[in-house]
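**Student:** What shape does this take:
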Amino acid sequence: MRTAAVEAAFRAVPRHVFLPDVGVEDVYTDCAFPTKHADGRPVSSSSQPAIMAIMLEQLALQPGQRVLEIGAGTGYNAALITHLVRNGGQVVTIDIDEDVVVAARQHLAAAGFDRVEVRCADGGYGYPEGAPFDRIILTASAWDITPAWFEQLTLGGRLVLPLGLRQVQQSVAFERHQDHLESVSVAGCGFMPLRGDFAGPQRVVALSQPPGPFVAVEGDRPIDPNALSEALKTTPMEVPTGITATVGEACGSLSLWLALEDPDSCLFSIYGDPSVVDRSAVPLSWLNGPPATGNNGQLEHYWERKAWWHFRVFPAASWTAQSISYRFPLSVFGRSRSSSNECIPTWKPGNGPAGRQRTPCGFLHTRKTGALR
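**Tutor:** Numbering: from 1, shown residues only. This next block holds a predicted model:
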């Protein structure tokens, strides 16, 4: 956190009231907590406080402003916003699911923020009944900016949203001018996708029963889930590359470059704690990472026409400033060859701080595969 106002909001608003089923020893860690699932994947959550703080600072809230939040979640973010705009401001938060709206309204009332207006609506249309707004913020990723968000934003107002660039997301702050939006800041992020009439073109191909791994891909690109599963069952072999990278370089700029460079890339992922990875019908035990923290993490891979790479995301609490800045050596893990697959995953082994055996990032190349066409 870089601003005293945002820090004061986090100190003043009790997060445990919005997550009554999470223990106090966990609720104040820098972790996201899924609160609703559908088809084995989370569709609503309490976001990681670190990215919440970044986006609130991007929003640059001032006392007395009118704010629209799209994606009510637990109501915690709306409470933080209300604290920042103070008594003279007004906050409206909307969600597409009625049960999420009811729970958020209850949490806000219990925390003393019952003046927040909580509505059930499709966020893609904004909230015309309350427009115009000085600030609009999304807590779900969008693949484009809908006309309603532009129209309902005051001149000089600010829109902050997780903008999806294929499988990578960036939190972008836009300021409205007369006939266009202009970005003023960008930060890496990761949010669940917007649902409803303005949902993106992404489709999901399951590789096993939930909560097993799945592939998220845009468009109608053919994917053979059986061939992809078989590619993961081969035995790897390590070859050092002599190249080093930080966690931010491998998991941030590298993934963004891949998304922008190859329009055919797609995301392979599994949600859950390390035990879910261990129980997966697709053998993922070779994807070793830092010691388990007991909190939910996410295992992600990117597959493109000429390359397949992966990284494992763990709660930020398991990383120190030293480990984030440390340059880890990259190694190639060659996989067994067949007529249909030749996979070469690339890792960053953990000869780094805190005795870690693997870093949470890496990537993997396939020269030839029958899984994607």
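
**Student:** Going along the chain, name the strands of the stretch 1-150 of the chain.
**Tutor:** All strands of the stretch 1-150 of the chain, identified by DSSP state E, counting those that start in this stretch, fall at 33-38, 41-46, 66-70, 90-95, 117-120, 133-138.

**Student:** Next, format those as JSON lines and append mean neighbour count.
**Tutor:** Every residue, glycine included, has its C-beta placed from N, CA and C. JSON lines is the format used below for the strands of the stretch 1-150 of the chain (neighbours: other CB atoms under 10 Å):
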{"stretch": "strand 33-38", "mean neighbour count": "16"}
{"stretch": "strand 41-46", "mean neighbour count": "20"}
{"stretch": "strand 66-70", "mean neighbour count": "26"}
{"stretch": "strand 90-95", "mean neighbour count": "25"}
{"stretch": "strand 117-120", "mean neighbour count": "18"}
{"stretch": "strand 133-138", "mean neighbour count": "25"}
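
**Student:** Wait, residue 35 touches residue 47, no?
**Tutor:** No. Look at residue 35 against residue 47 with CB atoms under 8 Å: they stay out of range, at 10.6 Å.

**Student:** Mind listing the shared neighbours of these two?
**Tutor:** residue 73 (CB atoms under 8 Å, 6 or more residues apart in numbering).

**Student:** residue ranges with poor pLDDT in the chain?
**Tutor:** By pLDDT under 70, the low-scoring segments of the chain are 210-211, 231-239, 241, 247-248, 250-252, 264, 270-326, 328-373.

**Student:** could you redo the last one with a cut-off of 50?
**Tutor:** Applying pLDDT under 50 to the chain flags the ranges 276-277, 280-281, 283-319, 333-373.

**Student:** Could you list the domains of it?
**Tutor:** Domain ranges of the chain: 4-189, 202-369, per automatic domain parsing.

**Student:** end to end, how far does the longest one reach?
**Tutor:** Across domain 4-189, the straight-line distance between its terminal residues is 22 Å, by CA to CA, to the nearest Å.

**Student:** same deal with stretch 109-128?
**Tutor:** End-to-end distance of stretch 109-128 (CA to CA): 24 Å.

**Student:** Go through it and flag the buried ones.
**Tutor:** In terms of neighbour count (16 or more other CB atoms under 10 Å), stretch 109-128 has its buried residues at 111, 113, 116-118, 121-127.
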